[in-house]
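Chemist: I would like the atomic coordinates for the input below:
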Amino acid sequence: ALPMGFRLTGDLSYEQKKRPIPEESVVNFREKVDETTARVELRRAVSETVTGAVSLLHSKRDGSDWLDSVTPDGNLIAPIYLADRDRNTARLTVNWMPSDPLSLNFRVDESRDSYTSRNILGYNLGPREGKASNYSIDAAYTFTERVSGSAWYSHNENRLEQATCSENNTAPNTCFTNAPLFAADLRNIADSYGLGLRGKLTSKIDVGADLTEAKVRDEFNLTKLRDSTPANTATALDNITTKVTSVRLYGKYALDSKSGVRVDYIYDRYQTDDWTWANWIYSDGTTVLQNPDQKVNFLGVSYYYRFQ
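Modeler: I've put the predicted structure just below:
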């Protein structure tokens with residue numbers, strides 16, 4: 001045991017994913033991806049009501065040998081889910097119970113990713129660096145023996161720096177000669193919150209309600225690395241904003257100690273100005289449209305039985 005009430009823990013995990021080899025691939029492919037993660041955590045009870053912990057994680061991902069694509073240009077970029085990557089994460093968690101009915105939890109995560117590029121053209125094409133931040137707080141409160149509530153809020157930022165070749169489909173393999181090269185600083189920023197309420201009306205009736213909402217903004221931020229012949233202009237791409245709202249209500253009636261009936265109602269609303277779905281036309285003339293304001297209502301009745 002460590003002095004001053006500190007507790008030190010650690011673990012090591014290993015994961016391997018194996019995918020079937022496609023007959024043909026337009027980008028690099030590898031059959032196996034291996035990832036090893038080491039974690040160290042230092043925890044301490046600061047007082048009778050406050051407990052905190054600091055964790056450090058390091059993971060390394062690589063895999064089997066790369067399999068060439070059917071075109072030379074396809075070998076320039078390693079897909080992000082297959083690329084070699086080192087990830088470092090620092091995490092802080094704090095649990096606070098200022099009173100018997102109230103509990104608060106705080107969490108902060110900061111991650112940094114570093115990708116190994118194929119670097120065939122000297123421009124470090126493909127994913128380069130990634131950053132992720134997460135800040136969250138949640139609270140639970142017991143109003144009475146029969147009624148309890150909860151609330152939470154989180155702010156997330158994910159960032160990926162990558163570079164790519166904008167090749168003309170009618171002139172393959174021009175990435176090696178005169179096709180333009182672009183870098184993108186992709187950002188995904190989300191703010192989410194949720195509210196929940198649980199109640200036990202009688203010994204046989206339980207009810208509950210949940211409200212969640214998320215607002216997401218996607219940014220692209222293009223930069224030209226190498227011009228084409230003739231010159232090509234990097235057109236700024238508009239941000240995409242999305243809002244998702246969900247309301248869930250339920251009620252349960254116990255027929256006996258093992259079985260009962262449950263009624264659920266769910267309302268979901270999805271709003272977006274995603275321009276990638278506006279007037280999109282595939283090479284065969286097919287068009288795909290997305291309703292920018294979608295609403296879904298669901299009502300379900302179920303019977304449950306617990307085996308004891």
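
Chemist: What about the nearest residue to residue 25 once chain neighbours are set aside, how many residues nearby?
Modeler: Spatial nearest neighbour of residue 25, excluding adjacent residues (Cβ to Cβ, 6 or more residues apart in numbering): residue 69 at 5.0 Å. Quick note: C-beta positions are derived from backbone N, CA and C, even for glycine. When neighbours are counted by other Cβ atoms under 10 Å, residue 69 registers 18.

Chemist: From residue 115, how far off is residue 69?
Modeler: 19 Å (Cβ to Cβ, to the nearest Å).

Chemist: rewinding a little: the residue nearest to residue 25 belongs to a strand?
Modeler: No - in this structure, residue 69 is coil, not part of a strand, as judged by DSSP: H, G, I helix; E, B strand; the rest coil.

Chemist: Where does residue 43 fall, secondary structure wise?
Modeler: Under the criterion of DSSP states H and E, residue 43 resides in strand 32-45.

Chemist: then that strand to CSV, C-alphas only?
Modeler: Provided in CSV are the C-alpha atoms of strand 32-45 (Å, rounded to 0.1, in the frame of the first residue of the first chain):
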residue,chain,number,x,y,z
LYS,A,32,-4.7,-8.1,-39.2
VAL,A,33,-4.6,-5.0,-36.9
ASP,A,34,-3.0,-5.4,-33.5
GLU,A,35,-3.4,-2.9,-30.6
THR,A,36,-1.7,-3.0,-27.2
THR,A,37,-2.8,-0.6,-24.4
ALA,A,38,-1.0,0.0,-21.1
ARG,A,39,-2.8,1.9,-18.3
VAL,A,40,-1.6,3.2,-14.9
GLU,A,41,-4.1,4.8,-12.4
LEU,A,42,-3.4,6.6,-9.2
ARG,A,43,-6.5,7.0,-6.9
ARG,A,44,-7.1,8.6,-3.5
ALA,A,45,-9.9,9.5,-1.2
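
Chemist: Which strands or helices does that strand pack on?
Modeler: The contact analysis (3 or more Cβ pairs under 8 Å, 6 or more residues apart in numbering; DSSP states H and E) places strand 32-45 against strand 7-18, strand 50-63.

Chemist: hey, what's the residue nearest to residue 226 when sequence neighbours are not counted bridged with?
Modeler: Nearest residue to residue 226 in three dimensions, chain neighbours excluded: residue 181, at 4.2 Å (Cβ to Cβ, 6+ apart). On the basis of DSSP bridges, residue 181 is bridged to residue 165, residue 226.

Chemist: Ok, the one 10 residues further on next?
Modeler: Residue 191 has the following beta-bridge partners by DSSP bridges: residue 155, residue 215.

Chemist: circling back to that earlier point, for the residue nearest to residue 25, grab phi and psi.
Modeler: Reported as degrees, to the nearest 10, the phi and psi values for residue 69 are phi -80, psi 180.

Chemist: Give me the distance between the residue in the chain sticking out farthest from the centre and residue 246.
Modeler: The C-alpha centroid of the chain is most remote from residue 256, which lies 41.0 Å away (Cα atoms, centre = their mean). Plainly put, residue 256 is 32 Å away from residue 246 if you go by Cβ to Cβ.

Chemist: do residue 205 as well
Modeler: Distance, residue 205 to residue 246, by Cβ to Cβ: 24 Å.
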